[in-house]
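In: what follows is a predicted structure for the sequence shown.
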Amino acid sequence: MSLRAALTVACLMAGLAVPLTTSAGPAGAHPGPGRAAAPSPRHQPATPPPAPARSAAQAPFDLGSQPTAGSSSTPVAGPQPTFPPTAPAAAASPSGGAAVLPIRATFFYPWYPESWYPTSHFTPTLGAPYDSSAPGVLAYQVAAMEYAHIEVAIASWWGPGTLTDARIPLLLDAAAGTSLRWTLYYEPAPGTQSADLAYIYSHYASSPEYEHLDGKPVLFVYSRSVASCADAASWVNLNAGRFYLDLQVFGGYQSCAIQPDQWHQYAPAERQDLQAGHSFSVSPGFWLYSSATPLLARDPVAFTQAVQEMVASAEPWQLITTWNEWGEGTAVEDAVQWESADPYGQYVDILHAIP
């Protein structure tokens, strides 16, 4: 953790009034290199449910919530967690500095509370739901990601004018002066790519907190708008060299005549996924909010082994799937179900121990 991040969280807490199977795809499918299965069953923001009652899972402390439009969430004060003043610091790099491969990154979801499922199987210690616009929430998340040696957070983005778009400046501001950088996970259906690329480039790409590689701002693209070689070629042509494009894999992607800068898989129902020469992904588990049983059971020992193998692979993009996708139950962010002695939780502690 950078010194600034540590001080930010310490001051925040003190100022509170209170307080190796290589695979790709869903569990049970092992397509192997060069093939890719369908994306996870949901991976989209929920239709905003009625404002959930907070009696079942209250926020553990007041994090300075500033509700956005559509948010009726109000954090409730409670016991203050203890911040460990002697916690080992993550290796820091200057904000906006030149990226060096391999890069550890995580998929991040800035869509709470409006996309919270009250039937989620896990309870984040930040509150259920917390507010993705609250400065205190973002300060904690940045510090926790630094502690996990995460260099880049890939924020789900659904287009100009959406709540996810409105929160991108908040995410960038929260990372100022820290080692964490941001990029976007492009999620809209096809049809608006040209205008969207121009918008992202003009609004966010020049920020020192936005990740750059090979001199270009990085952009990840979800399979909703890339599922064939023709789609990949269209993305490359529309991009015209502006972004470092990292597209999600699909069956036969390696044989496409026109290639983007890089490829990744999003398959959190698999403990680990290797796309040789491109990426290695790990997941702590997968338990969809609407399912009685998990597709991938949580197992800290298995997750530790997967992280060790990810690091040993030296693949250029080493991806944690996910930081906080609570509807699919894939989060490594701290939850009541896996708290530890520090404020970060068992899965973040595992990532910290394996830089």
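Out: On my side now, so go ahead.

In: mind listing what residue 332 touches?
Out: Residues near residue 332 by C-beta atoms under 8 Å, 6 or more residues apart in numbering: 106, 148, 284, 320, 322, 323, 345, 347, 348, 351. For glycine as for every other residue, the C-beta is placed from the backbone atoms N, C-alpha and C.

In: just those: which are in strands?
Out: Judged by DSSP state E, the subset of these located in strands is 106, 320.

In: do I have it right that residue 204 meets residue 168?
Out: Yes. Applying C-beta atoms under 8 Å as the test, residue 204 and residue 168 come out as touching, 6.0 Å apart.

In: what's the overlap in contacts for the two?
Out: residue 184.

In: where along the stretch 151-300 of the chain do the helices fall?
Out: Remark: helices assigned in the stretch 151-300 of the chain by DSSP state H, counting those that start in this stretch are 163-174, 193-203, 229-239, 300-313.

In: quick one: which of these is nearest residue 114?
Out: Across the helices of the stretch 151-300 of the chain, residue 114 has its closest neighbour in helix 163-174 (6.3 Å, C-beta to C-beta).

In: and that closest one, what does it pack onto?
Out: helix 135-147, strand 152-157, strand 181-186 (3 or more C-beta pairs under 8 Å, 6 or more residues apart in numbering; DSSP states H and E).

In: quick check: angle from the first one to strand 181-186?
Out: Right, the one you point to is helix 135-147. On the basis of axes from the mean of the first three to the mean of the last three C-alpha atoms, to 10 degrees, helix 135-147 is oriented at 100 degrees to strand 181-186.

In: what about helix 135-147, average pLDDT?
Out: Summarised as a single mean, pLDDT over helix 135-147 is 98.

In: got the CA positions of it in PDB?
Out: Only the C-alpha atoms of helix 135-147 are listed here, as PDB (Å, rounded to 0.1, in the frame of the first residue of the first chain):
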ATOM      1  CA  PRO A 135     -15.600   8.800  -1.200                       C
ATOM      2  CA  GLY A 136     -14.900   6.700   1.800                       C
ATOM      3  CA  VAL A 137     -15.900   3.500   0.000                       C
ATOM      4  CA  LEU A 138     -13.600   4.300  -2.900                       C
ATOM      5  CA  ALA A 139     -10.700   5.200  -0.600                       C
ATOM      6  CA  TYR A 140     -11.100   1.900   1.200                       C
ATOM      7  CA  GLN A 141     -11.300   0.000  -2.100                       C
ATOM      8  CA  VAL A 142      -8.200   1.600  -3.600                       C
ATOM      9  CA  ALA A 143      -6.200   0.900  -0.400                       C
ATOM     10  CA  ALA A 144      -7.400  -2.700  -0.400                       C
ATOM     11  CA  MET A 145      -6.500  -3.200  -4.000                       C
ATOM     12  CA  GLU A 146      -3.100  -1.800  -3.400                       C
ATOM     13  CA  TYR A 147      -2.700  -4.200  -0.500                       C
END
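
In: which strands or helices does that helix pack on?
Out: Applying 3+ C-beta pairs under 8 Å, 6+ apart, one finds that helix 135-147 contacts helix 3-14, helix 163-174, helix 346-353.

In: for the last one, buried residues please.
Out: Buried residues in helix 346-353, defined by neighbour count with 16 or more other C-beta atoms under 10 Å: 346, 347, 348, 349, 350, 351, 352.

In: identify, from the contacts of residue 332, the entry nearest to residue 250.
Out: Using C-beta to C-beta, residue 322 comes nearest to residue 250 of the contacts of residue 332, at 20.0 Å.

In: for the closest one, give its distance to residue 133.
Out: Note on residue 322: its distance to residue 133, by C-beta to C-beta, to the nearest Å, is 19 Å.

In: those two: who's more crowded?
Out: The residue with more neighbours, out of residue 322 and residue 133, is residue 322; 27 against 22, by other C-beta atoms under 10 Å.

In: which ones are touching that one?
Out: Shown in contact with residue 322 (C-beta under 8 Å, 6+ apart): 106, 107, 108, 109, 268, 283, 328, 330, 331, 332.

In: ok, now which ones touch the fourth one?
Out: Each residue near residue 109 by C-beta under 8 Å, 6+ apart is listed here: 45, 115, 132, 155, 156, 322, 323, 324, 325, 326.
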